[in-house]
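Engineer: Pasting a predicted model and its sequence here:
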Amino acid sequence: MNSDSSDRGVGTRWPEVAVAAFLLALAALVIADSLRVGIGWADDGPRSGYFPFYIGLMLAGSSGWVLIKALIAWKKTSPVFAEREQIALVMAMLLPMTIYVGAIWLLGIYVASFALIGYFMRRHGKFGWPLSAAVAVGVPLVFFVVFERWFLVPLPKGPLERLIGL
C-alpha cells in the first residue's frame, strides 16, 4: 500500500516530517538568538551564545537530515506509526493536559490540579470518590505547603485562591 495511513492507523511519513520541521525551526531560533548574544570568546571565556550555537547547529543538522530522508522516501510505503487505538490513548492524556495548562492560567494551579487529579483518578484509574477526592485535595495542599510556605515560591493563583486570601 502506498498511502500514508491505512485502516489501522497513521503512517510514519507525516509525523517524521512534522517533528523534523519543528526541530529545524527550533534550531534556527537557537542559532539566531545565539548569534544575537554572541558566539565568540570574551576576555573571561565563551560568550553566552557559544554553546547554544553549536547545539543549534547539531540540532539543525540532525533534523535536516531526517527531513531530507523523509522527503526522499516520500513515495515508498510508510509503516504504521501508531494505530488508532494508540492515538486514542495519547489523546485521552493530551487533551486533559492541554485543558489543564489553560486552566492554570484561568483558575490557578491549585484548582486546576485538583480537577485534573480528580478526573484522572476517576476516569482512568477507576478509583472511588472518597480516595479520588482525598488525593485531589491532598496533592495541591502538599504543593502549597512545600512551595508557598517552606520554600516561599509563589505558584500561579486563580480567583478562588485570591478570594480566600492565599
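Structural biologist: Ah, there it is.

Engineer: Tell me where this structure has strands.
Structural biologist: Per DSSP state E, the chain carries strands over the ranges 9-11, 41-42, 45-46, 80-83.

Engineer: Direction included, what does the last one pair against?
Structural biologist: Using DSSP bridges, strand 80-83 pairs in its sheet with strand 9-11 (antiparallel).

Engineer: and if you look at the second one?
Structural biologist: Within its sheet, strand 41-42 is paired with strand 45-46 (antiparallel), according to DSSP bridges.

Engineer: Same list (the strands of the chain) but as a markdown table, adding distance to Ala70, mean pLDDT and mean neighbour count.
Structural biologist: No exception for glycine: its C-beta is placed from N, CA and C like everyone else's. Converted to a markdown table, those look like this (distance: least, C-beta to C-beta, whole Å; pLDDT from 0 to 100; neighbours: other C-beta atoms under 10 Å):
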| stretch | distance to Ala70 | mean pLDDT | mean neighbour count |
| --- | --- | --- | --- |
| strand 9-11 | 11 | 81 | 17 |
| strand 41-42 | 37 | 88 | 10 |
| strand 45-46 | 34 | 90 | 10 |
| strand 80-83 | 12 | 89 | 16 |
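
Engineer: measure Lys76 to Gly9 for me?
Structural biologist: Using C-beta to C-beta, to the nearest Å, one gets 17 Å for the distance from Lys76 to Gly9.

Engineer: again with Pro156
Structural biologist: Separation of Pro156 from Gly9 (C-beta to C-beta) stands at 37 Å.

Engineer: pLDDT score assigned to Phe151?
Structural biologist: At Phe151, the pLDDT value in this model is 95.

Engineer: ok, now Trp65?
Structural biologist: At Trp65, the predicted lDDT confidence score is 97.

Engineer: Neighbours of it, how many?
Structural biologist: 11 (other C-beta atoms under 10 Å).

Engineer: Tell me where the model's unsure across the protein.
Structural biologist: Low-confidence segments of the chain (pLDDT under 70): 1-7.

Engineer: mind giving me the domain ranges of it?
Structural biologist: What automatic domain parsing lists as the domains of the chain is 9-78, 84-163.

Engineer: Done for today, thanks.
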